[in-house]
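Undergrad: Predicted model and sequence below, questions to follow.
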Amino acid sequence: MDLFTHVIFAYLLSFVVWGPAAPQYIAAGALAGGLPDADILLFPLTRRFPALHHRGIVHTVLGVTVLAAVGAFLVPYLPYFTPASTLLYFVAMEIGGLSHLALDGFTNYAVAPLEPFSRRVLRLDADLAVNLVTIGLTAATLVVLIAEHGTAAFNVWVETVWILIVIYGGYLVVRGVARWRAGRVRRREGYSAVLPRAAPWSWLLVDADDAPDRYRIRVRDLELGHGLEGPERRLAVAKLPPAPGPVDSPQAALDRTYVAAMATNRWLARNYHFGEAVARGDVYEVRWYLVGARGLRRQFGVRGEIDRRTGAMTLRSGFVRPPAPPTATG
C-alpha cells in the first residue's frame, strides 16, 4: 500500500482499539503505521548494510518492535502529543507498525515479517500495492479529516471516523472474498498463481516455470461474474547468453535477449514477466514487461533492439507500453 493509506488505516485501526477518548494513542498508531516506509531514506546505506533495503528488516516484527520501543520514549516530546504511559505508547505504536506489515502482505508485494529468524514471506495477492482506487479513497479521507479538524463537533468527528472504518473494512472484505473466489478458479483451471488488478472483480491467472535454462509462462484474464476472458497467452524462451550471429525469427530474438534483459532490470527478473519481439527493418524490436501491468499506459520494463544479421543488441530499462489485451476469435 502507499504511505498515506498505511497511515490512514493505522489511524482507523487505532481508533477501534483505543476509542475517541485517547487521541494521543490514535496519533501514535497512525505515525507508526507509516514509519516502516521511512526505510527508503536508508538507501545510501544499503550497499554496506543490505538488511536496510526497502521492505527489509524495518518491515519485520523485530523492526517494528524496535521502532515502537524507541518511539514510546520520543513521541511525548513531539508537537501535539501529550505525556502519557510509555507502555501504552509502545502498544499503540506496535499495533500501528504491525498493521503496516499486514497491509503489505495483503497486496502483491511480499514481506518476510519473521526475518531474520525465518524467510517465509507473507503475500496474499489480494490487492495492488499501488492502486489508484485506494489512493483516491485515501486522498478523499485526508480532505475530510483535515476539513473537520478544529471545525466539526466532537460527535461529528466520531461518526465520520466510524463511517470511514466501515468503508475501509468493507473494501478489505471485498478484496479478500474476490481473492478467494479467484483462487478457486485458479485451482480448477490448473494455474499456479493469481494476481490482482485494480478492480476487485478483475484478476490474472498465471502459471510459470523459471528453470535455469528456460523460462515458461502462460497467463489468462479472469473477470469474476463473467469467467475467463480472451485466449490464453503463452511464452517459452531459452535463456541464451548474448552471442554474435544471425537472428532469424522473433522467437530467436526473445531467446537471445532474455538473459541480458533480466540483467538490465532485476526488478523485472524477480516478478512474472512477458516478452514480445517484432521485426522492424534490419532489427527486431523487443519488449519485456510485467504481466500484471496491462491496462496501464506505461509500465517499467526493458525495451530495445537486436540486429537481425549480427545479433548486436541495445537494451535499456524504461517505460514500456504493454500490448493491448488479445481478443478471442470465432
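TA: On my side now, so go ahead. The model shown is predicted, which means the values in this text are computed figures rather than measured ones. Numbers count the residues shown, from 1 in each chain.

Undergrad: how near is Ala193 to Ala126?
TA: To Ala126, Ala193 is 13 Å away according to CB to CB, to the nearest Å. Glycine gets a C-beta too; all of them are placed from N, C-alpha and C.

Undergrad: Neighbour count: those two, which is higher?
TA: Taking other CB atoms under 10 Å, Ala193 and Ala126 do not tie; Ala126 has more neighbours (22 against 16).

Undergrad: So, low pLDDT: which residues of this structure?
TA: For the chain, the stretches with pLDDT under 70 are 39-56, 293-298, 322-330.

Undergrad: Pop the domain breakdown of it in here.
TA: The chain breaks down into these domains under automatic domain parsing: 3-178, 195-320.

Undergrad: Looking at those, which is nearest to Arg188?
TA: domain 195-320 (10.1 Å; CB to CB).

Undergrad: would you list the domains of the chain in JSON lines and tack on distance to Glu189?
TA: Listed next are the domains of the chain as JSON lines, based on distance: least, CB to CB, whole Å:
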{"stretch": "domain 3-178", "distance to Glu189": "16"}
{"stretch": "domain 195-320", "distance to Glu189": "6"}
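
Undergrad: report the longest strand in the chain, please.
TA: When the chain is parsed with DSSP state E, its longest strand is strand 227-238.

Undergrad: which parts of that one are buried?
TA: 233, 235, 237 (16 or more other CB atoms under 10 Å).

Undergrad: centroid residue for this structure?
TA: Ala129 (3.1 Å; CA atoms, centre = their mean).

Undergrad: How much space separates that residue from Val158?
TA: With the distance defined as CB to CB, Ala129 ends up 31 Å from Val158.

Undergrad: Could you do Phe106 as well?
TA: Counting by CB to CB, the gap from Phe106 to Val158 is 27 Å.

Undergrad: Check Gly34 too.
TA: From Gly34 to Val158 the distance is 23 Å (CB to CB).

Undergrad: Those two: who's more crowded?
TA: The neighbour count for Gly34 versus Val158, taken as other CB under 10 Å, is higher for Gly34 (21 against 14).

Undergrad: Go ahead and report the secondary structure state at the more buried one.
TA: helix (DSSP: H, G, I helix; E, B strand; the rest coil).
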